[in-house]
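J.: here's my sequence, what's the structure:
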Amino acid sequence: MADTCIKDIDDIEDIVSASDVTPNERYSARKHVTTRNRKSKRKTDNLNGVKDIHLDSIVPGTQSIFVKTWGCSHNNSDSEYMAGQLATYGYSITEDKLSADLWLLNSCTVKNPAEDHFRNEIKKAQELNKHLVVAGCVPQGQPRAGYLQGLSVIGVQQIDRVVEVVEETLKGHSVRLFGQKKLSGRKTGGASLSLPKIRKNPLIEIIAINTGCLNQCTYCKTKHARGELGSYHPDDIVARAQQSFQEGVVELWLTSEDTGAYGRDIGVSLPELLWRLVDTIPDGARLRLGMTNPPYILEHLEDIAKILNHPSVYSFLHVPVQSASDSVLMDMKREYCIADFKHVVEFLKKRVPDITIATDIICGFPTETDEDFEETMQLVEEYKFPSLFINQFFPRPGTPAAKLRRIHPQEVKRRTKKLSELFQSYRPYDHKLGEFQKVLVTEVSHDKQYYVAHNKCYDQVLVPKTEELMGKLVEVKIVDTGKHYMKGVLARDARIARPDGVPPPLRHGEVSGSDILTAGCDTNTSISGPLWKYVAVIAVMVVVLSRLCYLIGLKLAQ
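T.: Below you'll find the predicted structure:
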């Protein structure tokens, strides 16, 4: 074959015959050639019509969010902040979970039932194919829990990044943000107190003055989530309180895992903060001090008594005892003895007339004997606490107490029932029948039949459901009493007054502090909402239309 080629063709030029077109003829013919795009089967398979074109772009800030919260007032404050940020960025906060595009679930890790409810709500969201973001103490305290894998998570100190997490989750991504907020290497209270929020009750502002605690209680899982003490600077707390009163708030709640420990990490004390706050409270408005453990209130009793006597502060304090047995308190690592608790109660009762002391008790701690439990029964019998939170012991995963041998569940239930019966056996308000009291109206009763007000010592007083009373200070006569409440009617010639200088509250669902993020927007524009949102919508529309035109052009070129 090679010999044949060599014989027939002596030169490469011999391949071109005399009858072929010449190069000049070839080049001159180019003007008659029409070019076409090469068809690509891979790209045109789905171009059977414009209606089959699917775009994966989403417009941020246009979806609806369902927010659900379990647990303490600190958790409720966190949810208010997250809802406020989402609403400020254009998302719609809805109470209709079925119509919502995304569920934001803020969890509590104190007791097993709360976590069980949280887990069940996650399952419901997944069954309904809802986008899901989880927050709160459960994922922060046990991020490796199996049922949380693959879900988007917001850590307890990362709530200021909720918009980022929600946007990525709506795109189908899983985001997990943990970590602490620090200033000069020191842990702070968390996200800024100046963030926008939607108050669950427009008349009540909840301010978390610190996060975490200094204790190492053996039964507590919250420590794993909230960590060591981190306090906000007094200036930030006072500024938030002032803004709240300017927005129509009439009642201020201070909350944290332990308010008594406030400021020990930044060189200030709880009384210093309280005296500054008292100066900002309008006449007729009220401040409620949150839970404090005995060890950190003992050294401040003189100041605390004076503050609780102030007319703008409720004469109320929540001091958890958990057990009246010193041996059980030692096993719990509560860092006080029952004599310390009694000293706090006796001192305040003597210095603050008609003060309400609320407390907590855990029934069935693993080392609690029958004798230990009887000591607790005697404590309740002695003080007859008007507000008593009774809890069964629950072994929380990862806590030292979870490793102890448990008391039989039936015995735990028996003790819980016995203590509950003792609590129900006395009526703390009967002696107040016929009294005239000034009360501040802030809420609606669970049965929707009354408005709920509180007197100076934070007793619950039910008053007629008359719209003009809400958010006002009014004098009532006590005409009926129950185990957990009193009923009042307006005193003759009673003056109904809004706290001095406090404007009407924000509407339900209205964002507090949203001007912080929308400052600089043209206030004369005819459209409402953050300006960036509309710019973003236009930008996305331009991108989508450009891509659509390109794909249509490819289809027509076929």
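J.: give the buried residues for stretch 159-168.
T.: Going by neighbour count (16 or more other Cβ atoms under 10 Å), the buried part of stretch 159-168 is 159-163, 165-167. Every C-beta, even on glycine, is put in place using the N, C-alpha and C of the backbone.
J.: also stretch 481-493?
T.: For stretch 481-493, by 16+ other Cβ under 10 Å, it's 481, 485-488, 490.
J.: which other residues reach stretch 366-378?
T.: 323-325, 327-328, 331, 338, 361, 363, 393, 401, 404-407, 415, 418-419, 422 (Cβ atoms under 8 Å, 6 or more residues apart in numbering).
J.: and the buried residues of stretch 481-493, which of them are in helices?
T.: The members of those all map outside helices under DSSP state H.
J.: residues of stretch 81-96 that come out buried?
T.: 81-91, 93-94.
J.: now swap in stretch 453-470 and tell me
T.: Buried-residue list, stretch 453-470, by 16+ other Cβ under 10 Å: 453-463, 469-470.
J.: and which of those residues is nearest Leu301?
T.: Leu301 lies nearest to Cys457 out of those, by Cβ to Cβ, at 17.7 Å.
J.: what kind of secondary structure is that closest one in?
T.: Secondary structure, DSSP: H, G, I helix; E, B strand; the rest coil: Cys457 is coil.
J.: cool, and Trp103?
T.: When the rule is three-state DSSP, Trp103 gets the label strand.
J.: how much space between it and His173?
T.: 16 Å (Cβ to Cβ, to the nearest Å).
J.: neighbour count winner among the two?
T.: Trp103 (21 against 10; other Cβ atoms under 10 Å).
J.: low-confidence stretches in the chain?
T.: In the predicted model of the chain, residues 1-57, 514-558 satisfy pLDDT under 70.
J.: try 90
T.: Counting by pLDDT under 90, the low-confidence segments of the chain come to 1-61, 179-180, 182-186, 513-558.
J.: sorry, back to before: helices - which of the contacts of stretch 366-378 land there?
T.: Short answer: those in helices (DSSP H) are 327-328, 331, 338, 415, 418-419, 422.
J.: from Phe178, how far out is the nearest residue to Ser92 once chain neighbours are set aside?
T.: Closest residue to Ser92 apart from its sequence neighbours, by Cβ to Cβ, 6 or more residues apart in numbering: Ser64 at 4.3 Å. As for Ser64, its distance to Phe178 is 27 Å (criterion: Cβ to Cβ).
J.: picking up where we left off before, quick check, nearest of the buried residues of stretch 159-168 to Gly185?
T.: Asp160 (19.6 Å).
J.: and the two most separated of the buried residues of stretch 453-470?
T.: Applying Cβ to Cβ across the buried residues of stretch 453-470, the maximum distance is between Cys457 and Met470, 21.4 Å.
J.: returning to that earlier point: burial count for the residue nearest to Ser92?
T.: 15.
J.: quick check: it vs Arg507, distance?
T.: Distance from Ser64 to Arg507, by Cβ to Cβ: 18 Å.
J.: can you check Leu419 too?
T.: From Leu419 to Arg507 the distance is 43 Å (Cβ to Cβ).
J.: next one: Asn76
T.: On the measure of Cβ to Cβ, Asn76 and Arg507 end up 19 Å apart.
J.: neighbour count for these two, which is higher?
T.: A direct count of neighbours by other Cβ under 10 Å for Asn76 and Arg507 places Asn76 higher, at 21 against 9.
J.: that one contacts Lys200, correct?
T.: Yes - the pair Asn76 / Lys200 is scored as a contact, 6.4 Å apart, by Cβ atoms under 8 Å.
J.: quick one, phi psi at the residue lying closest to Ser244 once chain neighbours are set aside?
T.: Among residues not flanking Ser244 along the chain, Glu205 sits closest, at 3.8 Å (Cβ to Cβ, 6+ apart). Main-chain torsions, Glu205, degrees, to the nearest 10: phi -110, psi 130.
J.: same thing with the one 5 residues further on?
T.: Main-chain dihedrals, Asn210, degrees, to the nearest 10: phi -160, psi 170.
J.: and the closest residue to it other than its chain neighbours, how many residues sit next to it?
T.: With sequence-adjacent residues excluded and distances taken as Cβ to Cβ, 6+ apart, Asn210 is closest to Ser231, at 4.1 Å. By other Cβ under 10 Å, 26 other residues sit near Ser231.
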